[in-house]
Structure formats: structure tokens, C-alpha cells
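Participant: sequence? don't have it. structure:
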């Protein structure tokens, strides 16, 4: 079982930055690929960014490329999402997710999810 707890969400003005964190309670964190997804009201869950088990491979959704950066610290069982140049359309609940080893962009392929953290970007 993997318990994921996100933090770092909040209200920010357009153009600002936020850094999300997700701490995993699991013995073998370095065996898991991690993903960040987001979902706004009435919309489908969207892949934001993912990182493989070692941190050597990262993927990004088209809407966040060049603005967001995913990273991980396996010693701290933590994955981060640095969000810069935020836009009102980035407003959503952001979820951290985990799956063994291989990075995927499909939310259906993730086994474990956090409770989510709200990010609101005002114009």
C-alpha cells in the first residue's frame, strides 16, 4: 500500500509560481514512477507531468511544457512540481499518483492516488 499526501497548493496571481510536494509513505519509493494530474470542475482528469523511478526520465503535458518542472528526492520519498508562469487555466485540483517502475501518462494506469491539493490562479 502506498499513501500519498500532497501539499503546497493555494491562491496565486497569474504569472506567479507555486511548488507542490507529494510525500509517499512506502518502503520502496524508488521503485515507483510518479505522476501529477489535475482536474477542474466539469473537466476530465489531465496528465500534467511524470517522472520515472530513478528521476532520469520526465514527461510533460503540452499545456505545461516549459513552465512546470517535476523532480523527485528518493531519500525523502518526495516528488515535487514546480509551477511557474501560472495561468488562470491552470486552476484545478492537483493529484499525485504512483505506479510501479514505468512512467505512463494514462491516469487509469496508476494504482495509488493522493487526496489532491487545490491550485487557484487569479487573473
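Facilitator: Everything's here; your move. These numbers were taken from a predicted model, which means no experiment stands behind them.

Participant: alpha carbons only for contacts and neighbour counts from here, please
Facilitator: OK.

Participant: could you measure from the residue most central in space within the chain over to residue 123?
Facilitator: The centroid of the chain falls nearest to residue 36 when counting by CA atoms, centre = their mean (2.3 Å). Look at residue 36 and residue 123: by CA to CA, to the nearest Å, they are 23 Å apart.

Participant: what are the boundaries of the helices in the protein?
Facilitator: Per DSSP state H, the chain carries no helices over any range.

Participant: ok, which stretches of it are strands?
Facilitator: Here the chain has its strands, by DSSP state E, at 3-7, 10-13, 18-25, 32-39, 46-51, 58-60, 68-73, 78-83, 92-100, 112-113, 117-122.

Participant: out of those strands, nearest to residue 106?
Facilitator: Closest to residue 106 of the strands of the chain is strand 46-51 (CA to CA; 7.2 Å).

Participant: related to what we said a few turns ago, could I get the strands of the chain in a markdown table, plus columns for distance to residue 106 and mean pLDDT?
Facilitator: Formatted as a markdown table, those follow (distance: least, CA to CA, whole Å; pLDDT from 0 to 100):
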| stretch | distance to residue 106 | mean pLDDT |
| --- | --- | --- |
| strand 3-7 | 18 | 98 |
| strand 10-13 | 26 | 98 |
| strand 18-25 | 19 | 98 |
| strand 32-39 | 10 | 98 |
| strand 46-51 | 7 | 98 |
| strand 58-60 | 12 | 98 |
| strand 68-73 | 17 | 98 |
| strand 78-83 | 18 | 98 |
| strand 92-100 | 11 | 97 |
| strand 112-113 | 13 | 98 |
| strand 117-122 | 20 | 98 |
